[in-house]
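> Need a 3D model of the following:
(chains A and B)
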Amino acid sequence: MSVELDVFVGNTTIMDKEVYQLWLNGYTVNDAVKVRIEGGVMEECEASAEVLLSDTMDQYRTFQMCERLLHHPAKLANQLLFQIPPDRQAMLIERYYAFDDSFVREVLGKKLSKGTKKDLDDVSTKTGITLKSCRRQFDNFKRVFKVVEELKGPLVENIRQHFLLPDQLARDYAAIVFFANNRFETGKKKLHYLTFQDFAFCAGQLINNWTLGAVDNIMEDMDVDLDKEFLQELKDLKILITDKDLLDQHKSLVCTALRGKTNVFNEMEANFKNLSRGLVNIAAKLINAKDVRDFFIDLVEKFIEPCRSDKWTSIDVNLYLTHYTNSVHILDTFKHHAVWTRYMGVIKSCILRMYHD
Amino acid sequence: MPGKLKAKIVAGRHLPVMDRASDLTDAFVEVKFGNTTFKTDVYPKSLNPQWNSEWFKFEVDDEDLQDEPLQITVLDHDTYSANDAIGKVYIDIDPLLCSEAATVISGWLPIYDTIHGIRGEINVLVKVDLFNDLNRFRQSSCGVKFFCTTSIPRCYRAIMVHGFVEELVVNEDPEYQWIDRIRTPRASNEARQRLIFLMSGELQRKIGLKVLEMGGNAVVGYLQCFDLEGESGLVVRAIGTACTLEKISSTLPATATHPSNSSPSKDMKEPGFGEEAPGVPLSSGPPTPLRAQTFSSFSPSKSYSRQSSSSDTELSLTPKTVGIFLFPSTPALESESSPLPSAHLPHHLWPGMASRSTTPPPLRLSQSDTAILRKSVSFSEELLLAASGMGSGGSAGKEGGPLKALLRQQTQSALEQREYPFFTLAAFPPGFLLHVGGVVSARSVKLLDRIHNPDEPETRDAWWEEIRQEIKSHAKALGCHAVVGYSESTSICEEVCILSASGTAAILSSRFMQDGPLDTEHRLSRQPLCVFSTGSERVEGDMGSSASLGFEEVVSPGCGFCHIPYDELNIPFPAQLTYCYCCRRYKVPDVLFTTIDLPTEANVTGKGCLIQARLCRTKKKAQGEGNATVISNLLPFLEYELHTQLMNKLKLRGMNALFGLRIQISVGETMLLGLASATGVYLTALPSPGGIQIAGKTPSDITYEQHISNMQKKINDTIAKNKELYEINPPEVVEEIIGSPIPEPRQRSRLFRSQSESSDEVSELDLSHGKKDAFVLEIDDTDAVEDIHALLTDSPTPAGFYSCNTEIMPGIQNWTSAIQMFTSVRVFRLNANLTNQGLNKIFSDLCENLLKSLYFKLRSMVPCCLCHLNFTVAIPEDELIQVAVTAVAMSFDKEQLLENGKQSGEKTLIKAITENDEQLQFNLELNAETSAPNPLSSPKGLSEVGSHLSARASSMEKASPLPEGRSRSLRSNRSYSGSSVAVVKMTPLSFIPGAKIIKYLGIINMFFIRETTSLREEGGVSGFLHTFIAEVFAMVRAHVAALGGNAVVSYSMKECVFMENPNKNQAQCLINVSGDAVMFVRESELESTSVQTQSATTHTSNGAEGT
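Below you'll find the model as predicted:
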């Protein structure tokens, strides 16, 4: 004796947010039923496990049928098969494209290729996120990447329009796409303390300031790639460390400004040349794709770690970077002010964001 | 005369990829009507082609316009091989043939393929020019309106109800044709789809012709069914009620604020204003005695005696007919009817059967043949005599004098002139339904044989004729001249077919009826009289002919229909009659079973609930005639037990009447399945039901005694609990009526008077009180124990839920606009070798679990009521049981419930519903839009709405009430305008809460077949069917939207035949759905132009009526 067929179809498609989340999380039907039983929905509604199982299966089926529409969210609005109120549609899309921070940290900056997809089971074991959910998230990244890769215009706007995502989520996806495209290294042990939101913030800074779209407002702009011309110009900043006079002048200016204003003045004074060399070298090397990948590692190794070992507070760092940036403009022989501002603006905000435990 | 059909193919979208190499499609379209085909150009390499074709014009007969669908095929062009079909769209152009329905079909319609389902959409424009408006009625029936709705459609009024129309057409089923062996199943299924579209069209046209012949212009309660008889062919049959309808002009302020279904008094007034319109609905009013005389050419007694003899012979001698069942209105009756089978069966003959089937009286009969079955088998003759003899001249004279008899006879004879005085309507204009006798039903088991000449489907016609005759004679036996809420159905297994018909015997007012198609002068001559009478005594005029002529004193419309139509001294069955608890003047039975909806004016105590009796009976496998005999022998017992179950469950809930009773018997190879569904209510007019008493047979055993007393206690507890649950507080004395609706003061005082005046009546009442308690259930074997267990295992509906299978739930009035129509299907596989008890339990659990699942699914709508719960059972294969449910869940507001209970007093139910909804809607709009300062947007109103909404919010959505409220109120269709797909509401009910239907756009009658050869890949049987049902909904919605509508009312899924072959990884399913496409506007929107003033006036008028 068994139920051979069991379906429920509503004129307005009924979708339970809780079950949807369980489905998205990659739970099997049976596991989902267990979770729901523990959640106490049964007592609340005088239902039996049997009822719950039937309901869960039914919802899972509905979600599976909807899934292909969710791959092209714009279709969800003008398809005829499911009658879903607009607020529900938005919920479905938003949750489908939501991702786990712990998962995205694992694949951030990696090439979104078949190879990476094959390694997802390792990611799944490591993060405790089901393989199914990992695959969905990975496929989402890849799908968004593929669509916007070829598109002109602002990256965030493109994502928002094509996938009907809320602003914040669209920004996160922009960060993921940007990282995947430039293959930034994020997996090294030294970077483990950084969250996805740290990286997403930095990506936002880079997109807004260092890409071609950041300076020109022409429609053919591509937000995905860094501005090559700018990277080339960054080499000119090397003068700040190669020219002994400039370096000394720069140091004295910063020290004068900071004296008495910080508890780590001595350490700062002692370390100034090292730190400055570090930052300027990062700038000079960015023209090489390989060094772009190491951008975040370099920031940590060359700047954040030394400061941290000297026990700078983030107020100290902020103070230092502000004066470090501004003092350059007083140097008479230095001519690359625009490039310097464009470079240091991003570096400063990135470092400040990344400067935590 | 011809018409011109024009079609234009605009564009396609979401087409499937047909060319793997390019991932694109080279699509073109073929447009076919009759034998003419047009083609569009190929639109190369696109999944969203823009054909923008010219207008394709078909010049055709209007007969063809009615029969044929417009067939649109989308194909992929292929240079080297045959073009691949992407899919098809069938467009029924019937709605365009009626001036009052849709004028154009325009919109995105899903492209459907039987294998792949929906494959993209196509945008088309279809128009019809009919050349000959004047004379077109001669050759076809263009212009006759069809409605699935089983009441007078909301924006029409009935001028005349002509009566029953029926027709059937037969054809060979393409699936069983020889050609099927060489063509693909897909081609065969497509041929089948097309054929059924054609047959439906033809059937509708033929029915339309009959309607025109009768002088009508519409068919209401149109019910079309398919019988897939397998090798013997395909039968499409339909029944309906022919009417003359007149559209209520929507410019009238009265109808703008209140939908057409508002209070009876309102409706009564309108004809007064519209004197000029010929044949205003109520004009036929009370017939004059003079007129009655023209019909009294034969004496009443004579007519009845004639009938009695004929029915007698019919019952005993009719060959091929078995298990005629009379559902009387009392429990006593069913006990009487059980002997019927044993008295009859020996007489039944089967076609070509050599010997008579001799059925040994089954054991169960003798078991139950004790306390409740006081009468022996010989009683059946008595019953027949009583039934046929009743209503004779002598007895009629006793009650109302000769004139009354004359009057009654006048309407009767009016009806008798018709072949079948049947009405498929389940709800009636006020004053139409005078008395209800009880349920009448008939079944017949037939052996299917090949239909030799499809043009003359005589055998099928003859079969139905037999059954209808039965029904007619049963109604007569109950002293009734008409059958309302009439429906017909079949169940087919292999070559055996059970035909069933059922309805409710009733006496109708002659007001809406016409005696013949030609006496229009009579009607006109009577008119002035009526206008006068309706104007002066609004409600009283309601009561029909006898009332206004003074033979019966004014009776409250809330109880009149309960008064027995048969003569109390010659009751067709020993019923316990008492004086009506409302008016104390007329006799009422103790229990009333009907197939109609609860009349809106009925006085009901408390709420109602769904009551189901479920039964499974094993039977031996047999072939041909043997099989038919076995089935026909089983049928009466099945019906008897179903009836007992219904009665027990009704008592267990402390109720005394059933509405919307629908008994379905399904036949399989090794079992019979019976499912009876109805909505139980407590009619204030009827006596309170006694409890259920259990009596044991073996008193010696002490533990057994204990067991019995335990059980008795449980039953008593359940009854008490149910009474509380359904708020049944029947008055001990009349003035203590607590439940709604309370009779108006004037009426009440009259009640007292009548009570005090006739002291003998009171004493008689007491007597009946004493009698009614004795409903005894005997436990004498395990069967009975099981029965009682089954009785108690029905789990109560969870908190916040109500359920019924009728249109509305008594006691619930303030519906919100949140409605959710759904279909749920379950198939259950049984183990072999189950006993009857085992089967019963499984079947019962299956239904219970299904209900539980529904409650769980819809928990976010609480408080809500599942209305029009329609269960369909089938036995698709050996050991498989299929149950399909279609219903609508409607939310209501609990907070306002009490208030309204107090206010609604004399208002009719529906009126209260619409008005309250109006208010709520209005508030919601304010809430969402925060419009300008307004008298209604007081803080109180807002907070009230907020709290309602939060109460309704599901457990998952614990957001703050206000944003939640916003999103909820977005459900109003106007807010959807941003989305590219228009929202189409679907409901099995005839109305949409909080909205006014402003236009009926035509009937939707669609038939689809879906097949698969990759069942596993499509998610198994559940995945397959889930997709298919969703697709059917989508296609219905799309066609409605293309007609310009935004809802389907009276929606039903009439057929869902599912077949699978898991070994071959194949499955196939047929679905037939129907309904009325309508355009509605929210009442809040109707008012939006003059919001403040209008709503203010409605408010004050509310207040005035309330006080």
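
> only C-alpha atoms for contact and neighbour calcs from this point on.
Will do.

> Now the phi/psi pair for B:Ile611, please.
Per-residue torsions, B:Ile611: phi -130, psi 130 (degrees, to the nearest 10).

> Please apply the same query to B:Glu877.
The phi/psi pair for B:Glu877 (degrees, to the nearest 10) is phi -150, psi 170.

> how does the chain divide up, domain by domain?
You didn't pick a chain, so chain A it is. Following the TED database, one finds the domains of chain A at A:17-82, A:101-191, A:228-354.

> actually chain B
B:1-132, B:560-892.

> hmm, who's touching stretch A:131-143?
For stretch A:131-143, the external contacting residues (Cα atoms under 8 Å, 6 or more residues apart in numbering or on different chains) are A:24-26, A:71, A:97-99, A:103, A:112, A:117, A:120-121, A:123-124, A:173, A:176-177.

> Sitting in helices, which of those residues do you find?
A:24, A:97, A:103, A:117, A:120-121, A:123-124, A:173, A:176-177 (DSSP state H).

> sorry, back to before: closest one to B:Ile728 among the domains of chain A?
Distance to B:Ile728, taken as Cα to Cα, is lowest for domain A:17-82 among the domains of chain A, at 23.6 Å.

> picking that back up, wait, which of the domains of chain A is closest to B:Arg237?
Relative to B:Arg237, the nearest member of those by Cα to Cα is domain A:17-82, separated by 30.5 Å.

> Averaged pLDDT, the closest one. What do you get?
The average pLDDT within domain A:17-82 is 90.

> right, is that domain up against chain B?
Yes: Domain A:17-82 is in contact with chain B by Cα under 8 Å from any Cα of the partner chain, via A:17-18, A:45-47, A:51-52, A:54-55, A:61, A:65, A:77-82.

> Redo the domains of chain B as JSON lines? Include mean neighbour count, distance to chain A and mean pLDDT.
Formatted as JSON lines, the domains of chain B follow (neighbours: other Cα atoms under 10 Å in any protein chain shown; distance: least, Cα to the nearest Cα, whole Å; pLDDT from 0 to 100):
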{"stretch": "domain B:1-132", "mean neighbour count": "19", "distance to chain A": "8", "mean pLDDT": "89"}
{"stretch": "domain B:560-892", "mean neighbour count": "20", "distance to chain A": "4", "mean pLDDT": "78"}
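
> Please name whichever of those is nearest to B:Met160.
Going by Cα to Cα, the one of the domains of chain B nearest B:Met160 is domain B:1-132, 18.4 Å.

> Next, count neighbours for the closest residue to chain B within the stretch 251-357 of chain A.
Closest to chain B within the stretch 251-357 of chain A is A:Arg353: 32.5 Å, counting by Cα to the nearest Cα. By other Cα atoms under 10 Å in any protein chain shown, 16 other residues sit near A:Arg353.

> Give the buried residues for the helix or strand containing it.
Assigned by DSSP states H and E, A:Arg353 belongs to helix A:337-354. Going by neighbour count (16 or more other Cα atoms under 10 Å in any protein chain shown), the buried part of helix A:337-354 is A:339-340, A:343-354.

> show me what contacts residue 83?
Using chain A here. The neighbours of A:Gln83, taking Cα under 8 Å, 6+ apart as the test, are A:11-13, B:983.

> that's the other chain; I wanted chain B
Neighbours of B:Asn83 in contact, by Cα under 8 Å, 6+ apart: B:75-77.

> give the contact list for the residue of the stretch 401-550 of chain B found nearest chain A.
Closest approach between the stretch 401-550 of chain B and chain A, counting by Cα to the nearest Cα: B:Cys493, at 20.7 Å. B:Cys493 makes contact with B:667-669, according to Cα under 8 Å, 6+ apart.

> So which of those residues is the closest to B:Asp23?
Once Cα to Cα is applied, the member of these that ends up nearest B:Asp23 is B:Gly668, at 48.2 Å.

> doesn't B:Ile875 make contact with the closest one?
Yes: counting by Cα atoms under 8 Å, B:Gly668 does reach B:Ile875; the two are 5.4 Å apart.

> Next SSE downstream of the helix or strand bottoming out on mean pLDDT in chain A?
Least confident helix or strand, chain A: helix A:212-215 with a mean of 68, by mean pLDDT, DSSP states H and E. Once the chain leaves helix A:212-215, the next helix or strand it forms, by DSSP H and E, is helix A:228-234.

> Which ones among the residues of domain A:17-82 next to chain B map onto helices?
Secondary structure assignment by DSSP H places A:17-18, A:45, A:51-52, A:54-55, A:61, A:65, A:77-78 of the residues of domain A:17-82 next to chain B in helices.
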